[in-house]
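A.B. asks: Requesting a structural model of the entry that follows:
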Amino acid sequence: MLRKEIMDTLKQTGLVLSFLLIIPLVYGANQFRLDENMTFFVYTLWGLTFILPLLSFLLAYTMFASDDSEGAAEYLKSLPVSKGKLLAVKILPRTILTLLLLLACNKYLVAFWPRAGISAAWFAFGVEGFLKSTLIVLTVMASGFVLGISDRKSPFLVLCLLVPVLFLYETQSPYGSLLSSKMIWLYYFNFMEALGIEQLWVFNLGRFLTYIVGTALPAVLPILVLIPVYKSWDCSSEKVRSERIMKRMAIPMGFIIALYAATELKLF
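C.D. replies: The predicted model follows:
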């Protein structure tokens with residue numbers, strides 16, 4: 001089963017990455033057509049900017065595509081495999097491959113353009129940036145798994161599962177969401193400064209903890225509340241299962257939307 005998932009992942013990845021072959025053609029055509037052309041690196045950079053998010057979402061959305069085409073989606077429930085193992089077999093190959101590509105692209109950027117002004121959500125430098133990218137990719141893959149065991153064609157369900165991903169993607173502050181930013185400065189002024197603590201590692205520890213509480217937890221909560229739905233995966237219709245999923249996601253999604261609105265409107 002794991003071998004099948006790895007092969008499916010490699011095939012889908014190869015298909016998406018083949019679109020990068022268009023870049024040399026476009027670059028070569030513009031070299032003849034334009035008086036001043038961008039460097040080939042910039043063309044590659046823009047290509048990767050679109051290709052990697054596309055690859056991540058495609059791998060997630062088509063996670064159960066081969067099972068559906070073979071009529072084996074419901075058969076998966078009868079296999080002598082725990083639900084946890086099925087989740088890992090589906091998600092891990094796609095997550096690991098996507099993260100390896102992100103690491104390779106980051107190395108490419110650092111080598112040729114150290115100060116590239118790229119969105120930190122997909123090309124994030126340093127340990128913190130890679131952790132953020134990892135969280136986004138895992139959220140995308142978990143959302144793809146949820147779609148696979150429900151109604152993948154439901155636009156409302158797709159939108160619900162996109163909200164946590166977009167929340168993480170739009171969080172460009174180095175401290176995370178607005179809630180995390182407020183928490184870290186409360187931590188600094190009311191704890192560190194009040195006690196005369198000046199060590200950088202104490203501040204960094206607080207920044208990590210406030211990021212977990214104020215950014216990571218709100219983003220993953222809509223997925224975590226679906227664990228009981230997955231554990232009780234039965235023979236009910238995909239439509240019924242989708243309705244149960246959206247009902248359970250309503251409150252944590254409302255919190256994310258409220259947090260995002262407060263950030264945009266600068267309410268606190």
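A.B. asks: What is the neighbour count of L209?
C.D. replies: L209 has 14 neighbours, counted by other CB atoms under 10 Å. Just so you know, the C-beta spots here come from the backbone N, C-alpha and C atoms, and that holds for glycine as well.
A.B. asks: From I184, how far off is it?
C.D. replies: In this view, L209 and I184 are 9 Å apart by CB to CB, to the nearest Å.
A.B. asks: How about K231?
C.D. replies: Counting by CB to CB, the separation of K231 from I184 is 35 Å.
A.B. asks: Apart from its chain neighbours, what residue comes closest to the residue nearest the centre of the chain?
C.D. replies: Nearest to the mean C-alpha position of the chain, by CA atoms, centre = their mean, lies I136 at 2.4 Å. Counting by CB to CB, 6 or more residues apart in numbering, I136 lies nearest to L168, which is 4.9 Å off, once chain neighbours are set aside.
A.B. asks: show me the contacts for L135.
C.D. replies: L135 is in contact with L168, A216, A219, V220, counting by CB atoms under 8 Å, 6 or more residues apart in numbering.
A.B. asks: Ranking by neighbours, what's the top pick from those residues?
C.D. replies: Comparing the contacts of L135 on neighbour count, A219 comes out first with 25 neighbours (neighbours: other CB under 10 Å).
A.B. asks: now the residue nearest to the centre of the chain: how far from S82?
C.D. replies: Distance from I136 to S82, counting by CB to CB: 27 Å.
A.B. asks: Just the residues contacting stretch 85-99, thanks.
C.D. replies: By CB under 8 Å, 6+ apart, stretch 85-99 touches 1-2, 5-6, 9-10, 13, 52, 55-56, 59-60, 63-64, 76, 79, 81, 130, 133-134, 137-138, 141-142, 144-145, 148, 230.
A.B. asks: Now with 7 Å, please.
C.D. replies: With contact meaning CB atoms under 7 Å, 6 or more residues apart in numbering, stretch 85-99 is reached by 1-2, 5-6, 9, 13, 55-56, 59-60, 63, 76, 134, 137-138, 141-142, 145.
A.B. asks: Please export the C-alpha coordinates of that stretch as CSV.
C.D. replies: The C-alpha trace of stretch 85-99 is given here as CSV (Å, rounded to 0.1, in the frame of the first residue of the first chain):
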residue,chain,number,x,y,z
LYS,A,85,-1.7,4.0,9.6
LEU,A,86,-4.0,4.7,6.7
LEU,A,87,-3.7,8.4,7.5
ALA,A,88,0.1,8.2,7.6
VAL,A,89,0.4,6.2,4.4
LYS,A,90,-1.7,8.7,2.5
ILE,A,91,-0.2,11.9,3.9
LEU,A,92,3.5,11.3,4.7
PRO,A,93,4.8,10.5,1.1
ARG,A,94,3.1,13.6,-0.3
THR,A,95,4.2,15.8,2.6
ILE,A,96,7.9,14.6,2.6
LEU,A,97,8.3,15.0,-1.1
THR,A,98,6.8,18.5,-1.1
LEU,A,99,9.0,19.6,1.8
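A.B. asks: now that stretch: how far from the chain's centre is it?
C.D. replies: Mean-position distance between stretch 85-99 and its chain equals 13 Å (CA atoms, centre = their mean, to the nearest Å).
A.B. asks: can you pull the buried residues of it?
C.D. replies: Using 16 or more other CB atoms under 10 Å as the test for burial, stretch 85-99 gives L86, L87, V89, K90, I91, L92, P93, R94, T95, L97, T98, L99.
A.B. asks: cool, and stretch 48-62?
C.D. replies: L48, I51, L52, P53, L55, S56, F57, L58, L59, A60, Y61, T62.
A.B. asks: hang on, the earlier thing: going by distance to D35, which of the contacts of L135 wins?
C.D. replies: Of all the contacts of L135, L168 has the smallest distance to D35: 41.1 Å, by CB to CB.
A.B. asks: Can you name the residues that contact that closest one?
C.D. replies: A121, L135, I136, T139, A219.
A.B. asks: circling back: surely the residue nearest to the centre of the chain and V165 touch.
C.D. replies: Yes. Assessed by CB atoms under 7 Å, I136 is found in contact with V165 at 6.4 Å.
A.B. asks: Return the residue of this structure that is most distant from the centre.
C.D. replies: D35 (39.3 Å).
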